[in-house]
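Undergrad: Provided below for reference: sequence and predicted model.
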Amino acid sequence: MTNSADDEELLSAYLDGVSELTPDERKRVETRIARDPEFKREADELRAVLDEARSSASVQPANEPDWSTLERQIRESVGPTVPLPWWRRMRWLAPISTLATTAAIALVWLHHAPANHAELTVARDAGNVAIVAAPPHVEAAPAAKPAESTMIYIDGQIIDVSNVDPEALVNDGASDGTADASSSGLLPASDYGWIDQLDDKALDRAERWLARKKG
Amino acid sequence: MDSLALAPILATQVTEIVDPDRELADRFRAGERDAFDQIVRRHQKGVWRLVRRYLRNDADSSDVTQQVFVRAFRGLQTFRGQSSVRSWLYRIAINCSLSWIRDHRHETATEIAEDALTEAHPGPDRIAGSQDTARLRAAIAQLPPKQKMVLELRIYDDLSFREVAELADCSENTAKVNFHYAVKRLRDILGGKLGD
């Protein structure tokens, strides 16, 4: 079957429901009926068949159900409540999921964020020195440090810089990458960016130390 | 006879531009339970008769009709209006009927689906003196499935060609063409016996 029907193929549709043809289709069929006696005869015959079919359809079975009873049965079957679509049934999930998400974010933040009293520390990785926040387990370190002290965190160890001999900062031997951090207590600093992270007190101490060194 | 005389006196279907049931469906989706009752009231006869043609059993037809509306009740929230509510209901009705026939194939005649129409609308015993109607129904039973389906939906269920096309899963033009060949074939089968 094609989608584009010719005039003849539209004849029955024209006879049974002229309004369902486009104006163009209707005009074509009517023109052909008017001009072609054979086509007109066919139209008459098909109309007789359609007449019979329609009259047959209009006679209903005598034993149809009682419609009000059937309607009541249907009403009882479906129940009194309009069912909600699944996305509306799950509305209770929205606040719970929001709370859960908020809680998860809070947990992640608490786990990774530096504590208020965390000190800036220096960590070394493959010879690089960087200022990092003290990891959470630093809080479990046994000895409380003085508030003024500056600590660095190197390879899992906490070192109070304020208690280290300043000479070690120069002669740490780490610039060639061979020094042992645990033995010297301090790290070489090929990257001096960490100095920018020191607070004013530490800088003052460093300047005083430098002045003494020069003097 | 001019062309106007051939205008279809049997044209009962006007192309539906607006689905009259759409508002009811919208109201139902908005939570108005009574809107569904109105849909039932409007379509239960049509659904029952359609189901009856497949099942050829009054009591079972009522059960399946009930089942159709239960499914519709549950599914109307997701109905997107791409077809009319009526053709959507009739689609459910056809599916439920075929499912019922499948489930009861051992209890019923195997040819039930093939000539379901012959016993419905109405049975021969219920139309006194209607020899033509009996012959017509027998002739319809001989039509190829697609033509038969289109003819039934059009004549017995009074659907628009657009709705017929939706249910027969074809284009509207194809539905019209199938309808034409079905009517022609009926004419050929009956061989001018109508009205004799």
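TA: Sure thing, it's come through. Residues are numbered from 1 along each chain as shown, chains lettered A, B, ... in the order given.

Undergrad: and the helices in the chain, which stretches?
TA: No chain specified, so I'll use chain A. With DSSP state H as the criterion, chain A has helices at A:11-16, A:23-35, A:37-58, A:67-78, A:86-89, A:93-112, A:166-170, A:181-184, A:193-196, A:200-214.

Undergrad: chain B, not that one
TA: B:22-29, B:33-55, B:58-75, B:85-103, B:116-119, B:131-141, B:145-155, B:161-168, B:172-190.

Undergrad: worst average pLDDT in the ones you listed?
TA: Confidence, taken as mean pLDDT, is least for helix B:116-119 of the helices of chain B (a mean of 44).

Undergrad: most tightly surrounded among the helices of chain A?
TA: helix A:11-16 (a mean of 27; mean count of other C-beta atoms under 10 Å in any protein chain shown). No exception for glycine: its C-beta is placed from N, CA and C like everyone else's.

Undergrad: list the helices and strands that helix packs on?
TA: helix A:23-35, helix A:37-58, helix B:172-190 (3 or more C-beta pairs under 8 Å, 6 or more residues apart in numbering or on different chains; DSSP states H and E).

Undergrad: for it, which outside residues touch it?
TA: By C-beta atoms under 8 Å, 6 or more residues apart in numbering or on different chains, the residues outside helix A:11-16 that reach it are A:20-21, A:25-26, A:29-30, A:39, A:42-43, A:46-47, A:50, B:6, B:8, B:10-11, B:13, B:154, B:161, B:176, B:179-180, B:182-184.

Undergrad: mind doing that once more with 7 Å?
TA: Contact with helix A:11-16 is made by A:20-21, A:26, A:29, A:42-43, A:46-47, A:50, B:8, B:10-11, B:154, B:161, B:176, B:179-180, B:183, as judged by C-beta atoms under 7 Å, 6 or more residues apart in numbering or on different chains.

Undergrad: and stretch B:83-100, what's buried?
TA: B:83-94, B:96-97, B:100 (16 or more other C-beta atoms under 10 Å in any protein chain shown).

Undergrad: pull that stretch out as CSV, backbone CA atoms only.
TA: Taking Å, rounded to 0.1, in the frame of the first residue of the first chain, the C-alpha atoms of stretch B:83-100 are listed here in CSV:
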residue,chain,number,x,y,z
SER,B,83,-3.7,9.8,20.1
SER,B,84,-7.3,10.4,21.1
VAL,B,85,-8.4,9.0,24.4
ARG,B,86,-10.8,6.7,22.6
SER,B,87,-8.3,5.1,20.3
TRP,B,88,-5.9,4.8,23.3
LEU,B,89,-8.7,3.0,25.2
TYR,B,90,-9.5,0.8,22.1
ARG,B,91,-5.8,-0.1,21.8
ILE,B,92,-5.9,-1.3,25.4
ALA,B,93,-9.1,-3.1,24.7
ILE,B,94,-7.6,-4.9,21.7
ASN,B,95,-4.5,-5.9,23.7
CYS,B,96,-6.6,-7.1,26.6
SER,B,97,-8.8,-9.1,24.2
LEU,B,98,-5.9,-10.7,22.5
SER,B,99,-4.3,-11.5,25.8
TRP,B,100,-7.5,-13.0,27.0
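
Undergrad: and the helices of chain A as a markdown table, adding distance to B:L76 and mean pLDDT?
TA: Putting the helices of chain A into a markdown table (distance: least, C-beta to C-beta, whole Å; pLDDT from 0 to 100) gives the following:
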| stretch | distance to B:L76 | mean pLDDT |
| --- | --- | --- |
| helix A:11-16 | 31 | 93 |
| helix A:23-35 | 35 | 93 |
| helix A:37-58 | 28 | 89 |
| helix A:67-78 | 10 | 90 |
| helix A:86-89 | 13 | 66 |
| helix A:93-112 | 23 | 86 |
| helix A:166-170 | 79 | 61 |
| helix A:181-184 | 73 | 48 |
| helix A:193-196 | 67 | 75 |
| helix A:200-214 | 72 | 86 |
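
Undergrad: picking up where we left off before, right, and the helices and strands packed on helix A:11-16 - which one's nearest A:H112?
TA: Smallest distance to A:H112 across the helices and strands packed on helix A:11-16 (C-beta to C-beta): 63.2 Å, for helix B:172-190.

Undergrad: where's A:E9 relative to chain B, distance?
TA: 4 Å (C-beta to the nearest C-beta, to the nearest Å).

Undergrad: tally of neighbours for that residue?
TA: 21 (other C-beta atoms under 10 Å in any protein chain shown).

Undergrad: in this structure it contacts B:F179, no?
TA: No - judged on C-beta atoms under 7 Å, A:E9 makes no contact with B:F179 at a distance of 9.3 Å.

Undergrad: anything in contact with each of the two?
TA: Taking C-beta under 7 Å, 6+ apart as the contact rule, A:E9 and B:F179 touch no residue in common.

Undergrad: coming back round to it: turn the helices of chain A into CSV, columns for distance to A:I152.
TA: Output for these, formatted as CSV (distance: least, C-beta to C-beta, whole Å):
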stretch, distance to A:I152
helix A:11-16, 91
helix A:23-35, 89
helix A:37-58, 95
helix A:67-78, 73
helix A:86-89, 54
helix A:93-112, 20
helix A:166-170, 11
helix A:181-184, 10
helix A:193-196, 9
helix A:200-214, 11
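
Undergrad: thinking again about what came up before, and the furthest pair within the buried residues of stretch B:83-100?
TA: The distance between the two most remote of the buried residues of stretch B:83-100 (C-beta to C-beta) is 23.7 Å, for B:S84 and B:W100.
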